[in-house]
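[1] using only what follows, build the 3D model:
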Amino acid sequence: MQIQKIQERAGFTMWQFLWNGLRARPLRTSFAIVGVAIEVLLILLIVGMTSGVVSEWAHRVEGVGADILVQPPNSSIFLAFSSPVMQESLADRIAALKGVDQVAPVLVAADARNLDIIYGIDYASFNSLSTGFRFGSGGPFAGPYDAIVDDIKAQSKHLKVGGKIVLLGHEFNICGIVASGKGARNYIPLLTAQDLAGAEKRVSIFYVRSTGDTEAARQELARLLPGHRILSMAEYLTLMNSSNLPELKPFINSMVVLGLAISFLIVLLTMYTMVMERTREIGILKALGASRWAILRYVLEETLLIAALGTIAGLASTYLVRAVLLETTPTMTILISAEWIMRAALLALIGALAGALYPAYRAARTDPVKALAYE
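    Predicted coordinates:
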């Protein structure tokens, strides 16, 4: 209340007082706002990219047309990290089970060079899981080193039927371009994939379509293959969430902590510098009757204003970067949810306030006599 009375005598409002404080040192203020904006950008972009990749991958797996996924024991829920250790001959035993309509063995390979996921497929069985591939141009495999790519991959890499693409270190002829949404973006013949991966007659996963009763078929599979990871598509889609995946939690938490640290350190440095620069001003306020709490509140209110401006700048930067990335890399999916926007804003506020506590405490304890003599 003391600062407000002083402001009223001088004809100022609280907002004018705060704005004048921020405008007095525009470079320092900008530095603090950028620090908070970086925290918001870092959190939203990293979480958005991981959530987008997981969500988009789950959507594509769902589009394959299977009801059940069969993976080896102790395999990762990320199908790209399922080693080809299951015998391809299991497909016949699975197909003979009651309640099973169609089985498609798939070898999943990751091309580290291009950060691509490649499906080695038996074209007939994989295509029969759903309504089949929808070709925009070209057609099915005609030779062992033919490849099918989806339209998004073709658009981003300017690929055409009859052109060449390098997958797993080997050159393939592009025989067809299909609509996206069926697992991978690249498909090659299963025998070729097994040969290149050194996994003769082995596969990474079986996609299974039931005759209608998915749970009954899943139980039959569990009896046939004890210890294997057998998930219905509904279970898989529920698990494929960035907040549910143990593989991603440490990474996301690390990014959140890093963002908090950046915000904390930048605001701490900025507000400490502000307090040192305004020592005489703070001494005058205390000499005119301002209490410690009033000074403390003033510093924290200025920090809140910086945090708000930084959050707005961070949100604007996030959507700008997202637009640029989606334009330059169509295969990338960045999912920004309202929940994480709120979390990022709250974390920015917490980091900024934590960084301002010591400078605010120092300002509140300033001796007005020494402050007035401060040069």
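[2] only C-alpha atoms from now on, for both contacts and neighbour counts.
    Fine.
[3] so Leu69 sits against Thr214, correct?
    No: using Cα atoms under 8 Å, Leu69 is not in contact with Thr214; the gap is 11.0 Å.
[4] now do the shared contacts for these two.
    Ser232 (Cα atoms under 8 Å, 6 or more residues apart in numbering).
[5] CA atoms only: put the helix or strand containing Glu235 into CSV for me.
    Secondary structure assignment for Glu235, by DSSP states H and E: helix 233-239. Below are the C-alpha coordinates for helix 233-239, written out as CSV (Å, rounded to 0.1, in the frame of the first residue of the first chain):
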residue,chain,number,x,y,z
MET,A,233,-5.2,-52.5,-31.4
ALA,A,234,-7.4,-50.7,-28.8
GLU,A,235,-4.8,-51.5,-26.1
TYR,A,236,-1.9,-50.4,-28.3
LEU,A,237,-3.6,-47.1,-29.1
THR,A,238,-4.2,-46.4,-25.4
LEU,A,239,-0.5,-47.1,-24.6
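[6] report the buried residues of it.
    233, 236-237 (16 or more other Cα atoms under 10 Å).
[7] now, which of these sits nearest Val40?
    Leu237 (28.2 Å; Cα to Cα).
[8] residues in contact with that closest one?
    Contact analysis of Leu237 by Cα under 8 Å, 6+ apart lists 58, 62.
[9] from Ser204, how far out is it?
    19 Å (Cα to Cα, to the nearest Å).
[10] which stretches of the stretch 1-150 of the chain form strands?
    For the stretch 1-150 of the chain, the strands defined by DSSP state E, counting those that start in this stretch cover 68-71, 86-87, 100-111, 116-121, 135-138, 146-150.
[11] and the stretch 201-350 of the chain, by the same measure?
    Under DSSP E, counting those that start in this stretch, the stretch 201-350 of the chain gives strands at 202-203, 205-210, 229-232.
[12] mind putting those strands in a markdown table, mean pLDDT included?
    Compiled in a markdown table, these are given as follows (pLDDT from 0 to 100):
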| stretch | mean pLDDT |
| --- | --- |
| strand 202-203 | 94 |
| strand 205-210 | 94 |
| strand 229-232 | 90 |
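[13] turn the ones you listed into JSON lines, columns for distance to Val85 and mean neighbour count.
    Putting the strands of the stretch 201-350 of the chain into JSON lines (distance: least, Cα to Cα, whole Å; neighbours: other Cα atoms under 10 Å) gives the following:
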{"stretch": "strand 202-203", "distance to Val85": "6", "mean neighbour count": "26"}
{"stretch": "strand 205-210", "distance to Val85": "9", "mean neighbour count": "25"}
{"stretch": "strand 229-232", "distance to Val85": "13", "mean neighbour count": "19"}
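[14] thinking again about what came up before, which of the strands of the stretch 1-150 of the chain is buried the deepest?
    strand 146-150 (a mean of 25; mean count of other Cα atoms under 10 Å).
[15] quick one: contacts of that strand?
    Residues from elsewhere that reach strand 146-150 (Cα under 8 Å, 6+ apart): 140-141, 172-180, 185-189.
[16] mind checking which of those residues are buried?
    The neighbour-count criterion (16+ other Cα under 10 Å) marks 140-141, 172-178, 180, 185-189 among the contacts of strand 146-150 as buried.
[17] quickly list the domain ranges of this protein.
    With domains defined by automatic domain parsing, the chain comprises 2-55+248-372, 73-227.
[18] ok, which of those comes nearest Val61?
    domain 73-227 (4.5 Å).
[19] any idea how far apart the tips of the closest one sit?
    End-to-end distance of domain 73-227 (Cα to Cα): 6 Å.
[20] and for Leu296, the neighbour number?
    20 (other Cα atoms under 10 Å).
[21] does it really touch Ala356, like I thought?
    No: Leu296 lies out of contact with Ala356 (Cα under 8 Å); the separation is 9.7 Å.
[22] re earlier: who wins for proximity to Gly63 among the domains of the chain?
    That would be domain 73-227 among these, by Cα to Cα, at 4.8 Å.
[23] the residue nearest to the spatial centre of the chain and Trp57, how far apart?
    Nearest to the mean C-alpha position of the chain, counting by Cα atoms, centre = their mean, stands Thr50 at 2.2 Å. Noted for Thr50: a distance of 11 Å to Trp57, by Cα to Cα.
[24] can you check Asp116 too?
    12 Å.
[25] same check on Ile68?
    Distance from Ile68 to Trp57, by Cα to Cα: 16 Å.
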